[in-house]
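J.: Sequence and computational prediction follow.
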Amino acid sequence: MTSPTPITLAVDCMGGDHGPRVTLAACRRFLSTHPDARLLLVGRAEALAGFADPRAVVVAATEVVEMDDSLEIALRKKKNSSMRIAIEQVRDGQAAAAISAGNTGALMAIARYVLKTMDGIDRPAIAGQMPNFKGGGTTMLDLGANVDCTPEHLLQFAVMGSALVSVLQNKQNPTVGLLNIGEEAIKGNEIIKKSGELLRSAASSGDLNFHGNVEGNDIFKGTVDIVVCDGFVGNVALKASEGLATMIGGFLKTEFSRNIFTKIAAILAYPVLSAFKDRVDHRRYNGAALLGLRGLVFKSHGSADEVAFETALNRAYDAARNQLLDRVRERIAHAAPLLMGAQADRAEPAVTPV
């Protein structure tokens with residue numbers, strides 16, 4: 001499908017573990033398959049000088065946010081970083097979305113400072129896909145932006161996640177599950193119990209398609225389209241998923257170098273394990289959306305190769321083409337009465353003067 005107007009993406013070419021060696025290769029691949037796309041390549045001019053394409057423009061930046069930079073350095077000291085300038089292209093209307101493989105905390109902090117949050121959203125969340133046994137991906141949020149969450153935050157995440165899946169997977173009424181230690185409504189801590197109540201209310205008012213509580217194995221079963229949790233739990237699950245593919249890849253390599261019996265076993269198991277490794281390959285699901293901002297920002301894994309970074313570019317392109325921001329705003333506006341009611345219920349009671 002070709003858009004009537006070109007879609008421009010701003011790419012932080014310096015971020016991540018590999019920098020321009022990977023990001024530029026991914027940009028070439030992306031442009032070859034998206035004739036209606038344009039790229040703003042943000043980074044040090046000398047590092048990007050070899051890239052030549054009529055639909056790509058270099059935007060100079062003199063600084064780079066390193067993976068171990070503190071938030072203070074990234075936000076206050078490096079105001080001419082490739083990460084910040086890429087996000088500013090979105091703010092200024094020069095690009096529809098920004099993509100970076102850089103420091104996650106810095107990216108969220110800079111994006112929130114530059115773009116601000118949407119009306120009705122307290123905290124932006126990181127939403128990404130986890131592979132499931134159905135051959136697709138389960139969208140999960142938050143993946144690390146918010147360690148401590150209130151029930152209202154989890155409700156906001158569910159609403160934003162529903163908008164994301166409806167846009168990127170063309171599912172108009174995606175199912176939502178609340179991650180818990182059991183399916184029963186009586187299980188979990190008080191925050192989870194209250195979150196369940198809010199999500200059931202949202203389902204009753206037509207704001208969500210709430211499935212109910214789900215457990216950790218449901219993420220990989222594909223029981224629901226969206227799994228909502230706080231950022232601490234979400235980030236642990238994400239790293240465990242990535243480690244699974246690495247473990248299988250390591251097994252396939254090492255078992256062929258052992259004795260004759262393990263070699264035979266490895267040969268017999270190779271087709272199944274190889275297919276499973278491909279299915280859980282995190283490169284197929286790279287590109288997490290920073291939801292709740294007044295602009296589109298996508299986070300690529302820091303160690304992404306050119307295939308994985310291209311996947312992130314594709315997701316950002318699809319989000320911009322299908323007007324994800326408008327869909328999030330519409331869903332948040334529809335759910336506003338419930339969100340405001342929940343916040344009012346949690347407010348401190350007024351003290352009557354004696």
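T.: Thanks, I have the structure now. Numbering: from 1, shown residues only.

J.: contacting residues for residue 95?
T.: By C-beta atoms under 8 Å, 6 or more residues apart in numbering, the contact set of residue 95 is 8, 9, 10, 40, 86, 89. The way it works is simple: take the backbone N, C-alpha and C, and place the C-beta from them, glycine included.

J.: Tell me if I am right that it is in a strand.
T.: No: note on residue 95: no strand contains this position according to DSSP: H, G, I helix; E, B strand; the rest coil, which reports coil.

J.: Just read off the phi/psi values of it.
T.: The phi/psi pair for residue 95 (degrees, to the nearest 10) reads phi -140, psi 150.

J.: hang on, the earlier thing: now compare the contacts of residue 95 and name the two farthest from each other.
T.: Of all pairs drawn from these, the greatest distance, 11.5 Å, lies between 8 and 86 (C-beta to C-beta).

J.: Please report the distance of the spatially most central residue of the chain from residue 51.
T.: A centroid search over the chain (C-alpha atoms, centre = their mean) returns residue 288, at 1.8 Å, as the residue closest to the centre. With the distance defined as C-beta to C-beta, to the nearest Å, residue 288 ends up 25 Å from residue 51.

J.: repeat for residue 34
T.: Using C-beta to C-beta, one obtains 16 Å as the distance from residue 34 to residue 51.

J.: Likewise for residue 13?
T.: For residue 13, the distance to residue 51 equals 9 Å [C-beta to C-beta].

J.: quick one on the thing from earlier: who does the residue nearest to the residue nearest to the centre of the chain when sequence neighbours are not counted form a beta bridge with?
T.: Nearest residue to residue 288 in three dimensions, chain neighbours excluded: residue 128, at 3.4 Å (C-beta to C-beta, 6 or more residues apart in numbering). Using DSSP bridges, the bridge partners assigned to residue 128 are residue 140.

J.: where does residue 128 land on pLDDT?
T.: For residue 128, the model assigns a pLDDT of 91.

J.: is it true that it touches residue 284?
T.: No: using C-beta atoms under 8 Å as the test, residue 128 is too far from residue 284 to be in contact (11.7 Å).

J.: These two: which is more packed in?
T.: residue 128 (27 against 16; other C-beta atoms under 10 Å).

J.: OK, contacts around the more buried one?
T.: 139, 140, 141, 143, 238, 285, 287, 288, 289, 299.

J.: how many neighbours does residue 153 have?
T.: Taking other C-beta under 10 Å as the neighbour definition, residue 153 ends up with a count of 22.

J.: which element follows the helix or strand of the chain with the lowest mean pLDDT toward the C-terminus?
T.: Each helix and strand of the chain was given a mean pLDDT (mean pLDDT, DSSP states H and E); the minimum falls on helix 260-279 at a mean of 56. The first helix or strand that comes after helix 260-279 along the chain, using DSSP states H and E, is strand 288-291.

J.: Thanks a lot, see you next time.
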